[in-house]
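J.: Sequence first, then the predicted structure:
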Amino acid sequence: MTASPNSKTAVRGAMMWFKADPFSVPDDSQMADCVTYESDGLLVIEDGRITASGPADVLLPTLAEDTAVTRFENKLIMPGFIDAHNHYAQLQIIGSYGKQLLDWLKDYTFPAEEAFSDTAHAAEIADLFCGELLSNGTTTAASFCTSHPASVDALFHAASSRNMRIIAGKVMMDRNAPEGLLDTVETAYSQSLELIERWHEKGRNHYALTPRFAVSCSPEQLEMAGSLRREHERLYVQSHLSENLEEIDQVQKLFPNRTDYLDIYNHYGLTGERSLYGHGVHLTPAQWQDIKERGTGLVHCPTSNLFLGSGLFDLKTAMKAPAIPLALGSDVGAGTSLSMLTTMGAAYKISQLQGYAMNALKAFYLATLGAAKTLSLDAYIGSLEAGKDADFIVLDPSATPLIKARLEPVSSLEETLFVLMTMGDDRAVAATYIAGKKLYSKNSSN
Ligand code: GUN
Ligand code: ZN
């Protein structure tokens, strides 16, 4: 009898993940209790899942002798990052000069999205996007496609070929945009329905109803989105909320019968669990309270808010108990980087401008387990606990000579993470694993 081949593999090195929410502890000095850190850890993987994680000296003796163990020296293994709001079709307009939201949409964004009527172009950009996510250590993303159904097929195909977990959907927009991007209530309904049937919860794909924002969606279209949501289980909703003051003014004029911007989405049943609203920069106390009560997800997109001059997200209010479900988003192409390290660094600066210094542990929580909870995906992703998908990354604390020099005298995990989010980007990502498979390696000798 021949022995069956050993399907287990393992990864060994320093590793960390969150077991609790560092925003929930009364005092910052207790945040370390929210983290599991192993200076010499082992992650055991089988069939794409983590079957065990913990100290290497405890777990190594439990493995069969022929188990392949990959060792990472002087690196830090952690759960893959989650980018909870971006627009893959906007990759080619990152860094477009001189406009704020509404003009930026008109002058740069809509023309770039019109090009996605070309299926080959959509496939090319979707492929580039997934590759860039991986080289930035992002293993899960929620992305807006365009109003063209083929743009959704292109992204789900590109993600599926890498086995990446993706939340995405066809943008719905039936007014206030160029003809080439507009749909109608009827076409948005039938196209979304077809895409849901084709992709929702197939493999690691999740469908998100994606009404662009209240400016570009008629009341009838939002009503239709609400009814589609009621007809299908576990669909996501992703949209934009209170990003820019002019936008808010325009929304108020377009929906004179609704109390405010948030009330529109509430009215059409588009909030609560599994809803992801980008921005929320200009919220009133009543809106904050409503978001907390309904558990509506917000996605803070700091590089975008700075780049478009939209305003400063109030992280302290968001996370004051009871905290809202929050995640971080690159919001590329208004955001200027796909790196969640850079995104965390920008979130820190925005909170500093409001007198609140966000600790690095909180930032990394928001990019991993916190985001997974906001996405209702924490049973699968967000930490390195046994039972979760083996989506993880390997960070390099000596990624550049300057980061290496900065970290030479540093021994604390918290400070190491802070320096990585302040100085790091894709250069600090040594490797990215999806479902236990190494799909990206900065240095092919890894
Ligand atoms: N609001 C509506 N559409 C968009 C978009 O594409 N990007 C951003 N940042 N805000 C939006
Ligand atoms: Zn956006």
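T.: Arrived safely, thanks for sending. Ligands and ions are numbered 1, 2, ... in the order given.

J.: switch to C-alpha atoms for all contacts and neighbour counts from now on
T.: OK.

J.: centroid residue for the protein?
T.: Central residue of the chain (CA atoms, centre = their mean): Asp83, 1.7 Å from the mean position.

J.: so what secondary structure elements neighbour the strand or helix carrying that residue?
T.: With secondary structure defined by DSSP states H and E, Asp83 is part of strand 81-87. Using 3 or more CA pairs under 8 Å, 6 or more residues apart in numbering; DSSP states H and E as the contact criterion, the neighbours of strand 81-87 among helices and strands are strand 138-144, strand 275-279, strand 326-328, helix 340-352, helix 360-367, helix 369-374.

J.: Next, the buried residues of the next helix or strand after the first one.
T.: Past strand 138-144, heading to the C-terminal end, the next element that is a helix or strand (DSSP H and E) is helix 149-162. Neighbour-count burial for helix 149-162 flags 149-160, 162 (criterion: 16 or more other CA atoms under 10 Å).

J.: tell me the angle the longest helix along the chain makes with strand 138-144.
T.: In the chain, ranked by residue count with DSSP state H as the criterion, the top helix is helix 119-135. With axes from the mean of the first three to the mean of the last three CA atoms, to 10 degrees as the criterion, the two stretches helix 119-135 and strand 138-144 enclose an angle of 140 degrees.

J.: re the thing from before, show me the contacts for the residue nearest to the centre of the chain.
T.: Residues counted as contacts of Asp83 (CA atoms under 8 Å, 6 or more residues apart in numbering) are 138, 140-142, 327-330, 340, 367.

J.: Tell me how far it lies from Glu223.
T.: Counting by CA to CA, to the nearest Å, the gap from Asp83 to Glu223 is 28 Å.

J.: Around ligand 1, pick out the residues from the stretch 201-350 of the chain.
T.: By CA under 6 Å from any ligand atom, the part of the stretch 201-350 of the chain that sits against ligand 1 consists of 212-213, 240, 334.

J.: Report the distance from the longest helix of the chain to the chain centre.
T.: From the chain centre to the centre of helix 119-135 is a distance of 16 Å (CA atoms, centre = their mean, to the nearest Å).

J.: Show me what that helix is packed against.
T.: When contacts are defined as 3+ CA pairs under 8 Å, 6+ apart, helix 119-135 sits against helix 149-162, strand 429-434, strand 437-441.

J.: Format the ones you listed as a markdown table; extra columns: mean pLDDT.
T.: What follows is those, written out as a markdown table (pLDDT from 0 to 100):
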| stretch | mean pLDDT |
| --- | --- |
| helix 149-162 | 98 |
| strand 429-434 | 98 |
| strand 437-441 | 98 |
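
J.: of all these, which lies closest to ligand 1?
T.: Distance to ligand 1, taken as CA to the nearest ligand atom, is lowest for helix 149-162 among those, at 14.7 Å.

J.: show me what contacts Ala154?
T.: 119, 122-123, 126.

J.: quick revisit: got CSV for the helices and strands packed on helix 119-135, with distance to Phe255 too?
T.: Formatted as CSV, the helices and strands packed on helix 119-135 follow (distance: least, CA to CA, whole Å):
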stretch, distance to Phe255
helix 149-162, 28
strand 429-434, 44
strand 437-441, 46
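
J.: Rebuild the helices and strands packed on strand 81-87 as JSON lines, extending it with mean pLDDT and mean neighbour count.
T.: Compiled in JSON lines, the helices and strands packed on strand 81-87 are given as follows (pLDDT from 0 to 100; neighbours: other CA atoms under 10 Å):
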{"stretch": "strand 138-144", "mean pLDDT": "99", "mean neighbour count": "27"}
{"stretch": "strand 275-279", "mean pLDDT": "98", "mean neighbour count": "27"}
{"stretch": "strand 326-328", "mean pLDDT": "99", "mean neighbour count": "28"}
{"stretch": "helix 340-352", "mean pLDDT": "99", "mean neighbour count": "23"}
{"stretch": "helix 360-367", "mean pLDDT": "98", "mean neighbour count": "25"}
{"stretch": "helix 369-374", "mean pLDDT": "98", "mean neighbour count": "25"}
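
J.: any chance of those in TSV, plus distance to Gly203?
T.: Converted to TSV, the helices and strands packed on strand 81-87 look like this (distance: least, CA to CA, whole Å):
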stretch	distance to Gly203
strand 138-144	13
strand 275-279	21
strand 326-328	23
helix 340-352	25
helix 360-367	23
helix 369-374	18
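
J.: Leu182 reaches Arg175, doesn't it?
T.: Yes - using CA atoms under 8 Å, Leu182 makes contact with Arg175 at a distance of 6.5 Å.

J.: Which one of the two is surrounded by more residues?
T.: Legend: neighbour count by other CA atoms under 10 Å for Leu182 and Arg175, higher for Leu182 (20 against 17).

J.: Look up the closest residue to that one, ignoring the ones flanking it.
T.: Nearest residue to Leu182, sequence neighbours excluded (CA to CA, 6 or more residues apart in numbering): Asp174, at 4.9 Å.

J.: And the pLDDT at the residue nearest to the centre of the chain?
T.: Per-residue pLDDT puts Asp83 at 99.

J.: beta partners of it?
T.: Ala141 (DSSP bridges).

J.: Check the gap between it and ligand 1 for me.
T.: 14 Å (CA to the nearest ligand atom, to the nearest Å).

J.: and if you look at Phe72?
T.: 38 Å.

J.: Same question for Ser147.
T.: Distance, Ser147 to ligand 1, by CA to the nearest ligand atom: 12 Å.

J.: my guess is that residue contacts Ala168, does it?
T.: No - here Ser147 lies out of contact with Ala168, judged by CA under 8 Å, at a distance of 11.9 Å.

J.: Quick one: the helices in the stretch 251-400 of the chain, in order.
T.: Residue ranges of the helices in the stretch 251-400 of the chain, as given by DSSP state H, counting those that start in this stretch, are 261-267, 285-294, 302-307, 315-319, 340-352, 360-367, 369-374.

J.: and of the ones you listed, who's closest to Ala430?
T.: Taking CA to CA as the criterion, helix 340-352 is the member of the helices of the stretch 251-400 of the chain that comes nearest to Ala430, at 13.3 Å.

J.: hey, C-alpha coordinates of the closest one in PDB?
T.: Below are the C-alpha coordinates for helix 340-352, written out as PDB (Å, rounded to 0.1, in the frame of the first residue of the first chain):
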ATOM      1  CA  MET A 340      -3.500  49.400   2.600                       C
ATOM      2  CA  LEU A 341      -0.300  50.300   4.500                       C
ATOM      3  CA  THR A 342      -0.400  53.700   2.800                       C
ATOM      4  CA  THR A 343      -4.100  53.900   3.500                       C
ATOM      5  CA  MET A 344      -3.600  53.200   7.200                       C
ATOM      6  CA  GLY A 345      -0.900  55.900   7.200                       C
ATOM      7  CA  ALA A 346      -3.300  58.400   5.700                       C
ATOM      8  CA  ALA A 347      -6.000  57.500   8.200                       C
ATOM      9  CA  TYR A 348      -3.600  58.200  11.000                       C
ATOM     10  CA  LYS A 349      -2.800  61.600   9.600                       C
ATOM     11  CA  ILE A 350      -6.500  62.500   9.100                       C
ATOM     12  CA  SER A 351      -7.200  61.500  12.700                       C
ATOM     13  CA  GLN A 352      -4.200  63.500  13.900                       C
END
